[in-house]
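Participant: structural data only, the sequence is not supplied:
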């Protein structure tokens, strides 16, 4: 079988795709297919098998046997940050693209991102929008679709105050990690957030392409406990940046405010987990902590109801979740078609088709 070329004979590829994989056999075929189906073909794909115990390596070797652009390296399990660093150490491209082993790129991801980077040499890190794939937000965009077509720059202050300003579906110039170093291998979570923060502190320009160019997989069984772990993990890079920016009071103030928000969200997540589990005494304790933390009367009321009318609290929560699911398609339609006249003029089946197109292709016009 003929194998796709790497671009100019003898020349290194323009892009190196970095894919850490740990027990990813269930999804990695989709990830590999999406990379090899790119309209921009001058790349290599480096998959680091991070101590998998399933068929991950076998699957990747199968693809590597068919396409010279795919390489697989095995190592003992060391975490996603260490796996990405290992991939970077052997990467030959001038641009490094992150593609996790359960995510999917749309065919034009690399071509559209590389076109922007070629036109804008001042951009060092370029993220893209994505469509949630699975989980409670399945089919909805990570970022507002109405902003598509306009590259948006992200400052250090925005990264601090809006922790999900960037999507993991990002590509950056090698000069970034040459200067600031790679991913912090001591972190098992939020290692990408740490890298973006350090890049911003170093003065690199960071931007987001708001057009959805991939599918960001979310596990349908994800629970609130995962949110607590994520929030706790993000405190580490924020505190690190605080030490790096000791002479920048506006950054320090933003970090303190964000850490306060994280504390609030952790309490809410723990309360939600207790409510789902039916542990009403724990729920009441979390509501008391929230009332003390915020001074909000609604938390005192919820804590009181949890002991006097626990069924009412659980019923209200179930109704809220159902309402969100019912109204989500309407809210997404509003994001795609901001004008009411534009929506009402379209037949229902056409609107449904357009929404489906947004889910899959990330564009409507």
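Facilitator: In hand now; what should we look at? Values in this document were obtained by computation on a predicted structure and should not be read as measured data.
Participant: C-alpha only now, for contacts and for neighbours.
Facilitator: Noted.
Participant: show me where this structure has helices.
Facilitator: Under the criterion DSSP state H, helices of the chain are mapped to 28-36, 56-66, 80-90, 109-119, 156-161, 174-180, 191-201, 224-244, 249-277, 280-294, 297-308, 310-336, 340-344, 348-361.
Participant: and of these, who's closest to residue 99?
Facilitator: The stretch from these with the least distance to residue 99 (Cα to Cα) is helix 28-36; that distance is 7.9 Å.
Participant: can you add mean neighbour count, mean pLDDT and distance to residue 143 and give the helices of the chain back as TSV?
Facilitator: Output for the helices of the chain, formatted as TSV (neighbours: other Cα atoms under 10 Å; pLDDT from 0 to 100; distance: least, Cα to Cα, whole Å):
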stretch	mean neighbour count	mean pLDDT	distance to residue 143
helix 28-36	20	94	21
helix 56-66	17	96	31
helix 80-90	21	95	24
helix 109-119	16	96	16
helix 156-161	19	91	14
helix 174-180	15	96	24
helix 191-201	21	95	17
helix 224-244	17	84	19
helix 249-277	17	87	20
helix 280-294	19	85	28
helix 297-308	17	79	30
helix 310-336	14	59	10
helix 340-344	11	41	21
helix 348-361	16	43	13
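Participant: tell me which of those lies nearest to residue 103.
Facilitator: With Cα to Cα as the criterion, residue 103 lies closest to helix 28-36 of the helices of the chain, at 5.8 Å.
Participant: which helices and strands does that closest one pack with?
Facilitator: In terms of contact count using 3 or more Cα pairs under 8 Å, 6 or more residues apart in numbering; DSSP states H and E, helix 28-36 is assigned the packing partners helix 56-66, strand 104-105.
Participant: quick one: which of these is nearest residue 119?
Facilitator: Between residue 119 and these, the shortest separation by Cα to Cα is 21.6 Å, and it involves strand 104-105.
Participant: for that closest one, which strands pair with it and how are they oriented?
Facilitator: With DSSP bridges as the criterion, the sheet partners recorded for strand 104-105 are strand 205-217 (antiparallel).
Participant: got a list of contacts for the partner strand?
Facilitator: 102-106, 108-109, 113, 122-134, 141, 143-145, 147-155, 166, 169, 200, 361-363 (Cα atoms under 8 Å, 6 or more residues apart in numbering).
Participant: rerun that using 6 Å as the cut-off
Facilitator: With Cα atoms under 6 Å, 6 or more residues apart in numbering as the contact definition, strand 205-217 has outside contacts at 103-106, 109, 123-134, 148, 151-154, 362.
Participant: check stretch 79-91 too.
Facilitator: By Cα under 6 Å, 6+ apart, the list of residues contacting stretch 79-91 reads 16, 18, 20, 48, 183, 185.
Participant: can we see that at 8 Å?
Facilitator: Surrounding stretch 79-91, the residues in contact under the criterion Cα under 8 Å, 6+ apart are 16, 18-21, 46-50, 96, 182-188, 191.
Participant: which of these count as buried?
Facilitator: For the contacts of stretch 79-91, a neighbour count by 16 or more other Cα atoms under 10 Å gives the buried set as 16, 18-21, 46-50, 96, 182-185, 187, 191.
Participant: narrow the residues you listed to those in strands?
Facilitator: The subset of those located in strands under the criterion DSSP state E comprises 16, 18, 19, 20, 21, 46, 47, 48, 49, 50, 96.
Participant: what's across from the fourth one in the sheet?
Facilitator: When you say that, I think you mean residue 20. With DSSP bridges as the criterion, residue 20 is bridged to residue 48.
Participant: against residue 262, how distant is it?
Facilitator: When Cα to Cα, to the nearest Å is the yardstick, residue 20 and residue 262 sit 28 Å from each other.
Participant: how is the protein divided into domains?
Facilitator: Residue ranges for the structural domains of the chain, counted by automatic domain parsing, are given in the record as 15-217, 224-308, 321-361.
Participant: run the chain-centre distance for the longest one.
Facilitator: In terms of Cα atoms, centre = their mean, to the nearest Å, the centre of domain 15-217 is found 9 Å from the chain centre.
Participant: hang on, the earlier thing: make CSV out of the helices and strands packed on helix 28-36 and add distance to residue 241.
Facilitator: Supplementary listing: the helices and strands packed on helix 28-36 in CSV, determined by distance: least, Cα to Cα, whole Å:
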stretch, distance to residue 241
helix 56-66, 36
strand 104-105, 31
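Participant: and those: which comes nearest residue 76?
Facilitator: Distances from residue 76 to each of the helices and strands packed on helix 28-36 were compared by Cα to Cα, and the smallest falls on helix 56-66, at 12.6 Å.
Participant: check which helices and strands the closest one sits against.
Facilitator: For helix 56-66, the packing partners by 3+ Cα pairs under 8 Å, 6+ apart come out as helix 28-36, strand 43-50, strand 70-75.
Participant: how about those, which one is nearest residue 176?
Facilitator: Closest among the helices and strands packed on helix 56-66, once you apply Cα to Cα, is strand 43-50, at 18.8 Å.
Participant: give me the helices and strands touching the closest one, please.
Facilitator: Packed on strand 43-50, when contacts are counted by 3+ Cα pairs under 8 Å, 6+ apart, are strand 15-21, helix 56-66, strand 70-75, helix 80-90.
Participant: that'll do, ta.
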